[in-house]
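*Asks:* mind folding the following:
(chains A and B)
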Protein chains: 2
Amino acid sequence: MDDLKSQILTMGQQARQAALTLGNLSTDQKNAILLAMADALVAAEATILEANAKDIAAAKAKGLTQAMTDRLRLDCPRITAIADGIRQVAALEDPVGEILSETTRPNGMRIIKQRVPIGTIGIIYESRPNVTSDAAVLCFKSGNATILRGGKEAIHSNSAIADALDAGGRSAGMPDHAIQLIRVTERATVEHLAQMDQYLDLIIPRGGKGLIETVVSLARMPVIKHYDGICHVYVDAEADLNMAKDIVINSKTNKPSVCNALETVLIHESVAQAFLKDAGQALLDMGVSLRGDNATQAILPNTEAATEEDWVTEYLDLILAVKVVPDLDAAMNHINTHSSRHTDCIVTKNDASAKRFLNEIDSAAVFWNLSTRFSDGEEFGFGAEIGISTDKLHARGPMALPELTSYKYKLYGDGQIK
Amino acid sequence: MDDLKSQILTMGQQARQAALTLGNLSTDQKNAILLAMADALVAAEATILEANAKDIAAAKAKGLTQAMTDRLRLDCPRITAIADGIRQVAALEDPVGEILSETTRPNGMRIIKQRVPIGTIGIIYESRPNVTSDAAVLCFKSGNATILRGGKEAIHSNSAIADALDAGGRSAGMPDHAIQLIRVTERATVEHLAQMDQYLDLIIPRGGKGLIETVVSLARMPVIKHYDGICHVYVDAEADLNMAKDIVINSKTNKPSVCNALETVLIHESVAQAFLKDAGQALLDMGVSLRGDNATQAILPNTEAATEEDWVTEYLDLILAVKVVPDLDAAMNHINTHSSRHTDCIVTKNDASAKRFLNEIDSAAVFWNLSTRFSDGEEFGFGAEIGISTDKLHARGPMALPELTSYKYKLYGDGQIK
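*Replies:* Presented below is the predicted three-dimensional model:
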């Protein structure tokens, strides 16, 4: 076995061992450790910034884009924000230990279904160094051991952050190997992690489609995916057009770079003229490029022609695909065919149409008369989230602390046999 | 693209389409369809037995073992039992539509988390033809479309059963393609299914370790695994030894061929002599072969020596591995290292030891003073189960109808924007 593989396997074994202890820490113990981590992170600010400067210099030398370099960059306010994030996680309710159900069977045996940590979680992420802390502390609070594998370009920053978390955590009694960072940047580490199903219960890739695809094709253990958000708003024949305009503009322009931003608007043909003349024009005036079907182009001649590709593109930019549809069924059919099953919205005053839309659209979040930007763990009241799952197994939609747990059945008997 | 692959992709597309309709059938509609399937199965008895006779003849011609041929065999009582199984599933509570939580956020938006079907499920199984019906109807009741891929040796029986289910179901309004059987027996179909993550939300392999390993290494979508049951009973220093004897004998001998049967007993050294002289001898007298460590052999000289392999073997037979341990920690360490995380039991009168065991053993089901044979969906009160998951994601332990569902978030607003 090669050296790197055996090194990763050792980390896995250590994570598995740590998980057995972590699962039985009390909430108070975990919170004390989290607060110590936050303090240690702030105390290590100079060291972290120094490490980050190395990454930034390397990025510049390698000619990374401005946007990529910006994603890497840390400064005092960002480090403070990471530490505050840890303190917020300490303040969240601990899901571990919750009794999910309790029954007594006719033979007298008592069955308790109780939330427990998943165990060991691998996080594979790209350039943002804050993920090192954000992901690790969510996993820690929910009693899981973590193995982190960040992007090569952030290796110095990630190492400095992981060192601070480790030092702070240990000073407050954190078990060994609760949070481990892979400090080798070879690509093969991803494969070794993904194959290690004897030690790793779950992998969460955080990053672009390429990264997720790679992990999915390699992984032997469950992967929870946070694919694109190709989100839709359908403006129904019976929509309040002013409300629809506000929702479409807000969903598209409030923060175009995130997964809950709007990418395609569908408009019932009976209101297309009125809606596009007003809201469509307003979007154009705000600098949004429209990619429309023929009907849209007939109403707004400034619109580029949409291609098939546009219906499945997550622009993450001030671009919006626009299609006019004959009825609700056509809208739903378009969405169920092209949506990434993240978040889709209907704007209508008709209860029956809304009900059908909410029932028949097969997406994690289905909205009635609301901006898609509310599809977010914080907005749902879950506190910090580790991502928004576009999977249907285990966790769907915003994924917070309870979604980082599993359960076990505890059975109490007095000698029953079969 | 080759023909077979495109054929499987078409089935996937049809399943996805069927799922959209299935998810919105009422419970009454689904139950009427299930009852019609049961009737159709009984009505097709002669056809099914004729098809089965072909499989049996082929099995004999190929020289399959008696045990394998027996697993293939159908007769009138077995067909009646399959039909009764369908009627029982019709009688089970429908999990779809259940409201899991409901909140209103400060901005007035209402969030309902509601159970919905997973969507499309692939079932890959081996020789028992009853799985064709058992798995399909559980998936159907929970609103999912199924693609079945059974063993080559049962192809005629599986086809006849699937035809009956389809004819019966359609006569009562079942949507097209709700239950599809792959009738091509080439091995490549498994790979095509496992790669088709755009159409298949989940794969459940039902069969031996080899099959599961193959599916896990090929699959791009989630796989719920039902691996071995390497189940343990730990007889504590403070066990009631008569109770421990009953539990060990029952767990091992009641039905040795199933996954919740006992495979290894661990005994605290202070009671090893007394327990083994009595219960160990009783097991030997019942024809159970013991594989013991040195301490066990010293007490029961008729015992074969256990090797490392014995601690990780699922015998499914009248063989029991036996180990004497110095304390509870050693027992727990052995279990957490060697168990398949299925079901493990402690026999003790000591509350503190039991509590530690239930908390610290990382298995789907942890038992206190009970036969491991109770680790079963039926015994838990869940009704029919599709298997016992040794995974920790999505479903752990007995997997019944609710575990065949996902959820979605429905959000109700009145124009909120961010």
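*Asks:* quick one: the helices in the stretch 201-350 of chain A?
*Replies:* All helices of the stretch 201-350 of chain A, identified by DSSP state H, counting those that start in this stretch, fall at A:209-218, A:241-253, A:269-275, A:281-285, A:294-299, A:328-338.
*Asks:* which outside residues touch the fifth one?
*Replies:* Outside helix A:294-299, the residues that touch it by Cβ atoms under 8 Å, 6 or more residues apart in numbering or on different chains are A:267, A:269, A:272-273, A:276-277, A:280, A:290, A:303, A:305-306, A:322-324. C-beta: built from backbone N, CA, C; applies to glycine.
*Asks:* of these, list those near chain B.
*Replies:* Checked against chain B using Cβ under 8 Å from any Cβ of the partner chain, those yield no neighbours at all.
*Asks:* sort those residues by pLDDT and name the bottom one.
*Replies:* When the contacts of helix A:294-299 are compared on pLDDT, A:T303 comes out lowest, with 93.
*Asks:* hey, least reliable of the helices of the stretch 201-350 of chain A by pLDDT?
*Replies:* Mean pLDDT is lowest for helix A:209-218 among these, at a mean of 90.
*Asks:* can I get that one as CSV, trimmed to CA atoms?
*Replies:* Extracted C-alpha coordinates of helix A:209-218, given in CSV (Å, rounded to 0.1, in the frame of the first residue of the first chain):
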residue,chain,number,x,y,z
LYS,A,209,-20.1,20.6,-10.0
GLY,A,210,-16.8,19.2,-11.1
LEU,A,211,-15.7,18.5,-7.5
ILE,A,212,-19.1,16.9,-6.7
GLU,A,213,-19.0,14.7,-9.8
THR,A,214,-15.5,13.5,-8.9
VAL,A,215,-16.5,12.6,-5.4
VAL,A,216,-19.8,10.9,-6.5
SER,A,217,-18.0,8.7,-9.0
LEU,A,218,-15.3,7.7,-6.5
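*Asks:* now that helix: buried residues?
*Replies:* Buried residues in helix A:209-218, counting neighbours by 16 or more other Cβ atoms under 10 Å in any protein chain shown, are found at A:L211, A:I212, A:T214, A:V215, A:V216.
*Asks:* next one: stretch A:409-417
*Replies:* A:Y409, A:K410, A:L411, A:Y412, A:G413, A:G415, A:Q416, A:I417.
*Asks:* what's the local residue count around the closest residue to A:S171 other than its chain neighbours?
*Replies:* Once flanking residues are discounted, A:S171 sits nearest to A:A36: 5.4 Å by Cβ to Cβ, 6 or more residues apart in numbering or on different chains. Under the neighbour criterion other Cβ atoms under 10 Å in any protein chain shown, A:A36 is assigned a count of 21.
*Asks:* repeat that for the one 4 residues further on.
*Replies:* The local packing count at A:A40 equals 21, with neighbours defined by other Cβ under 10 Å.
*Asks:* phi, psi for it please.
*Replies:* A:A40 adopts backbone torsions of phi -60, psi -40, taken as degrees, to the nearest 10.
*Asks:* who in the stretch 1-150 of chain A is up against chain B?
*Replies:* A:A19, A:L20, A:G23, A:N24, A:T103, A:R105, A:M109, A:I111, A:V116, A:I118, A:G119.
*Asks:* again, only this time at 7 Å
*Replies:* Applying Cβ under 7 Å from any Cβ of the partner chain, we find that the stretch 1-150 of chain A lies next to chain B at A:L20, A:N24, A:T103, A:R105, A:M109, A:I111, A:I118, A:G119.
*Asks:* would you mind giving the residues you listed as a markdown table with pLDDT added?
*Replies:* Formatted as a markdown table, the residues of the stretch 1-150 of chain A next to chain B follow (pLDDT from 0 to 100):
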| residue | pLDDT |
| --- | --- |
| A:L20 | 93 |
| A:N24 | 92 |
| A:T103 | 97 |
| A:R105 | 97 |
| A:M109 | 98 |
| A:I111 | 98 |
| A:I118 | 97 |
| A:G119 | 97 |
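*Asks:* tell me the two of these that are most distant?
*Replies:* Using Cβ to Cβ, the two most remote members of these are A:L20 and A:R105, lying 29.2 Å apart.
*Asks:* more neighbours, those two?
*Replies:* Relative neighbour count places A:L20 above the other of A:L20 and A:R105, with 18 against 15, counting by other Cβ under 10 Å.
*Asks:* on that earlier part again, out of the residues of the stretch 1-150 of chain A next to chain B, which end up buried?
*Replies:* Neighbour counting over these (16+ other Cβ under 10 Å) leaves A:L20, A:N24, A:M109, A:I111, A:I118, A:G119 as the buried ones.
*Asks:* out of those, which comes closest to A:D351?
*Replies:* Nearest to A:D351 among these is A:I118, at 40.0 Å by Cβ to Cβ.
*Asks:* got a pLDDT number for the residue nearest to A:I179 when sequence neighbours are not counted?
*Replies:* Among residues not flanking A:I179 along the chain, A:A136 sits closest, at 4.7 Å (Cβ to Cβ, 6+ apart). Confidence at A:A136, expressed as pLDDT, is 96.
*Asks:* buried residues, the helix or strand encompassing A:A136. List them.
*Replies:* Element membership of A:A136 [criterion: DSSP states H and E] is helix A:130-141. Buried residues in helix A:130-141, defined by neighbour count with 16+ other Cβ under 10 Å: A:N130, A:V131, A:T132, A:S133, A:D134, A:A135, A:A136, A:V137, A:L138, A:C139, A:F140, A:K141.
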